[in-house]
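Engineer: Sequence first, then the predicted structure:
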Amino acid sequence: MNTELAWFKSSYSDGTGGECVEVAACPSAVHVRDSKDTTRPALTLTPAAWAAFTDFAAA
């Protein structure tokens, strides 16, 4: 099964691209990629690992 991911950028992104990460979430994983080169493989994390990362980054 091939499911298309819906990628999102931060609302703080200026929209010109190339300076942020993009995130796509599905029930079993969170995918993170560099907006400068979207053809490269994404980093895939468990939802729990992503939550721990964002909690740490926000602290």
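Structural biologist: Sure thing, it's come through.
Engineer: Could you list the low-pLDDT ranges of this structure?
Structural biologist: Applying pLDDT under 70 to the chain flags residues 1-3, 15-18.
Engineer: what about the residue nearest the centre of it, helix or strand, and which?
Structural biologist: A centroid search over the chain (Cα atoms, centre = their mean) returns Val23, at 1.9 Å, as the residue closest to the centre. Taking DSSP states H and E as the definition, Val23 sits inside strand 21-26.
Engineer: buried ones in that strand?
Structural biologist: By neighbour count on 16 or more other Cβ atoms under 10 Å, the buried set for strand 21-26 is 21-25. Where C-beta positions appear, they are placed from N, C-alpha and C, glycine not excepted.
Engineer: same question, stretch 27-43
Structural biologist: For stretch 27-43, a neighbour-count test (16+ other Cβ under 10 Å) marks 30-33, 35, 42 as buried.
Engineer: Tell me which of those residues fall in strands.
Structural biologist: 30-33 (DSSP state E).
Engineer: Tabulate those residues (JSON lines), appending distance to Trp7.
Structural biologist: Formatted as JSON lines, these follow (distance: Cβ to Cβ, whole Å):
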{"residue": "Val30", "distance to Trp7": "11"}
{"residue": "His31", "distance to Trp7": "8"}
{"residue": "Val32", "distance to Trp7": "10"}
{"residue": "Arg33", "distance to Trp7": "7"}
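Engineer: what residues are up against Gly45?
Structural biologist: Rather than Gly, residue 45 is Leu. 29-32, 53 (Cβ atoms under 8 Å, 6 or more residues apart in numbering).
Engineer: okay if I get those as a markdown table plus distance to Ala59?
Structural biologist: A markdown table is the format used below for these (distance: Cβ to Cβ, whole Å):
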| residue | distance to Ala59 |
| --- | --- |
| Ala29 | 24 |
| Val30 | 19 |
| His31 | 23 |
| Val32 | 19 |
| Phe53 | 11 |
